[in-house]
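based on what follows, work out the 3D shape:
(chains A and B)
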Number of protein chains: 2
Amino acid sequence: MEIVTKKVHFTSPLYLESGRILEPYDIVYESYGKLNKNKDNVILVCHALSGSHHAAGFYKGDRKPGWWDKLIGPNKALDTNRYFVICTNTIGSCFGSTGPMSRMYPSNERYRLKFPVITIKDMIKAQKQLLSHLGIYHLKAIIGGSMGGMQALQFAVDFPGFSDEIIALATTYATKPWVIAFNKVAMEAIRRDPRFKDGNYDVDEFKEEGLSGLAIGRIAGHISYLSPHSMDRKFGRRYVATDGMFELFGRYEVERYLEYNTNNFSRYFDPLSYLYIIKAINTFNLARGYGSLYDAIKRIKDRVHLISFKGDMLFFPEEMEHIAKMLEREKKEFSYLEVDSDYGHDAFLVEIEKFEDRIKEILK
Amino acid sequence: MEIVTKKVHFTSPLYLESGRILEPYDIVYESYGKLNKNKDNVILVCHALSGSHHAAGFYKGDRKPGWWDKLIGPNKALDTNRYFVICTNTIGSCFGSTGPMSRMYPSNERYRLKFPVITIKDMIKAQKQLLSHLGIYHLKAIIGGSMGGMQALQFAVDFPGFSDEIIALATTYATKPWVIAFNKVAMEAIRRDPRFKDGNYDVDEFKEEGLSGLAIGRIAGHISYLSPHSMDRKFGRRYVATDGMFELFGRYEVERYLEYNTNNFSRYFDPLSYLYIIKAINTFNLARGYGSLYDAIKRIKDRVHLISFKGDMLFFPEEMEHIAKMLEREKKEFSYLEVDSDYGHDAFLVEIEKFEDRIKEILK
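This is a model prediction of the structure:
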């Protein structure tokens, strides 16, 4: 499968929900499959907090493919033989689209903490600009999990009729204090880390040794992405070394896993981007701007498909059920599936086999 | 109600599970009610991670009473008109019993990271020494929640027949990776905080401004002590200031709550004690030393009463059910109550009205 990665530079202003303006701005995107003549075979994939536009396929030399590779490709659920699948790096992120470490015009200084607060609404507005730039005015489907699901739902509300299908996985209609609290660990850990220097760190400073604050915040993240049962299965109570028991810092396997993954993450993910993206997640509320959730839902014209995961400890199935009930009340076309899973929130990335058939059905 | 607080100095060695020896050591305890002539009206209360021997009543000038004040007192469930209720500060803690900031003999230096790893078995052994010192050789009941419940269960297994009743709330038979992961946030946040100085901080250094690492770790703790529903009820999506929405560090009420409580905590709780106590929680496993959980449970001669809380996100009811099933299989005298609650783990401290009658029944 061919991977096409491109960056588009926009010189027109992006009007943000905060009233501030992003100008100019870049959007990096990746695509798989071919855009047909009518430009009506497009599926937009939206990524989550730590994701990027690299959703599928292997980069040369990489051992790991894009984050949703099991779902995207020839004859897979998002079938690149039929569809032009596109995934953009959200603004605020750190993989090429404009974010807090980008340079302002005309001073050429990095934004850092001067970067405006970005919301989910802003993220999808930027994606809409990119699609217009590509001459794409209608989508077959918009799909995403977690923060990607927020974007999919926000598309449904903000741009009714823009897509045939909206597929939102492992997400919510408004971020709850439970999630804000998990994000608070990262926010405080990053902010209080002396090496963060109020955002005035060197851009390469964390390449060798990542920012501790980000690694610590990410530990809290990993907890929320798993579940008690998946941790039991993965790690149990096993020690890394048998003599760890009576050493204060002796490690259980679950601790090694958390250390390894979070230290690694803190070497390639930008701490400021992390702060801005968790802020976007915290402020997500479908109702905002429409008076009430009810009024927001009423606007929807696309078919909405909700997929929740039973063991999700971050966005609980009852939150997606709540959306389903509102859609039902409004007699909207929708479907709701609660996947039987005890993997945790990350099931939407891991247990593809449990929901790929549903997605195939939706796209048939 | 009279509060009696005392410290006992032990010059005999305390042989620890690690093979190391604590000698000498102090135990601070508090008691309420009167010890009768036969010394057979004693209830031992065991505290949790952040608790102390101050379980009930008001210290002069304090606006807040001890941590289980709603349960302990005249005519309360642990009725001080009838019982001599005693609560000791566990070894390793920082409220007067020997812990990592205590001084070694004969060097007079503080232990700091030279303090031996302490286990739940060690904690109860020390408490047993104190009781012997007071001439108390049999208890009416041992009761505790969370880490206190671990101690109660460990008493049942290590000293069969020592107590008539064992009452364990919101706890488990062996700490799961889920809990170890939450503790990992605190462990890494404390260890990596430059002001921690590998444990070589000044003892008064954090009185004005607590250690950030401890505060950050404690945020993760608070998440695990609450539940999504209790956070919804307490905080919802309310902002502290209405203009917080478009400020990166603008705070939701849940964030203010977490900041306030954890900053406060980091000013009075010793970071080394925190590390040692979470280590004791991590290593808790009733089976250790007995081959299997089954063999450990077989030893029990006391009546065991288990109380779990439906919405506990730290120690899930199924863990206590597992103990109940083993007790049933072994035809032990026991009772199991799952309290209908969605408050979260802290329900054992907060929703006393939901289980005090059960405790009264047990003690009748």
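
so what does residue A:138 look like in phi/psi?
Main-chain torsions, residue A:138, degrees, to the nearest 10: phi -150, psi 140.

so residue A:48, which of the three states?
Recorded secondary structure, residue A:48: coil (DSSP: H, G, I helix; E, B strand; the rest coil).

ok, for it, nearest residue in space, not its chain neighbours?
Beyond its immediate neighbours in the sequence, the residue positioned closest to residue A:48 (CB to CB, 6 or more residues apart in numbering or on different chains) is residue A:146, lying 4.0 Å away. (C-beta placed from N, C-alpha, C; glycine too.)

these two touch, right, that neighbour and residue A:67?
No. Between residue A:146 and residue A:67 there is no contact under CB atoms under 8 Å: 11.1 Å.

neighbour count winner among the two?
residue A:146 (28 against 22; other CB atoms under 10 Å in any protein chain shown).

now do the same contact list for the closest residue in space to residue A:244 that isn't next to it in sequence.
Excluding its sequence neighbours, the residue lying closest to residue A:244 (CB to CB, 6+ apart) is residue A:250, at 2.7 Å. Contact analysis of residue A:250 by CB atoms under 8 Å, 6 or more residues apart in numbering or on different chains lists A:239, A:240, A:241, A:243, A:244.

which among the residues you listed count as buried?
A:239, A:244 (16 or more other CB atoms under 10 Å in any protein chain shown).

now the two most distant members of the contacts of residue A:250.
Pairwise distances across those (CB to CB) peak at 10.0 Å, for the pair A:240 and A:243.

in the stretch 51-200 of chain A, which spans are helices?
Applying DSSP state H, counting those that start in this stretch to the stretch 51-200 of chain A gives helices spanning A:120-133, A:147-158, A:177-192.

ok, back up a step: what residues are up against the residue nearest to residue A:48?
Taking CB under 8 Å, 6+ apart, we find residue A:146 in contact with A:48, A:49, A:169, A:170, A:171, A:314, A:315, A:345, A:348.

now stretch A:283-294: mean pLDDT?
Taken as a whole, stretch A:283-294 has a mean pLDDT of 97.

now do the contacts for the residue nearest to the spatial centre of chain A.
By CA atoms, centre = their mean, chain A has its centre lying nearest to residue A:48, at 1.0 Å. For residue A:48, the contact set (CB under 8 Å, 6+ apart) comprises A:144, A:145, A:146, A:147, A:148.

for these, which one is nearest residue B:153?
The nearest one, if we look at the contacts of residue A:48 relative to residue B:153 and count by CB to CB, is residue A:146, at 37.9 Å.

before we move on, back to that, tabulate the contacts of residue A:48 (a markdown table), appending pLDDT.
As requested, the contacts of residue A:48 are exported to a markdown table (pLDDT from 0 to 100):
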| residue | pLDDT |
| --- | --- |
| A:144 | 98 |
| A:145 | 98 |
| A:146 | 98 |
| A:147 | 98 |
| A:148 | 98 |
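
what does the stretch 101-250 of chain A have sitting close to chain B?
Residues of the stretch 101-250 of chain A found near chain B (CB under 8 Å from any CB of the partner chain) are A:113, A:116-117, A:174-178, A:180-182, A:184-185, A:187-189, A:191-192, A:194, A:212, A:215-216, A:219-220, A:222-223, A:226-228, A:231-232, A:234-237, A:245-249.

three-state assignment of the residue nearest to residue A:244?
Judged by three-state DSSP, the three-state class of residue A:250 is coil.

list the contacts of the helix or strand residue A:322 falls within.
Here residue A:322 sits within helix A:317-329, counting by DSSP states H and E. Residues outside helix A:317-329 that contact it (CB under 8 Å, 6+ apart): A:153, A:168, A:171-173, A:176, A:293-294, A:297, A:300, A:304, A:306-310, A:334, A:336, A:338.
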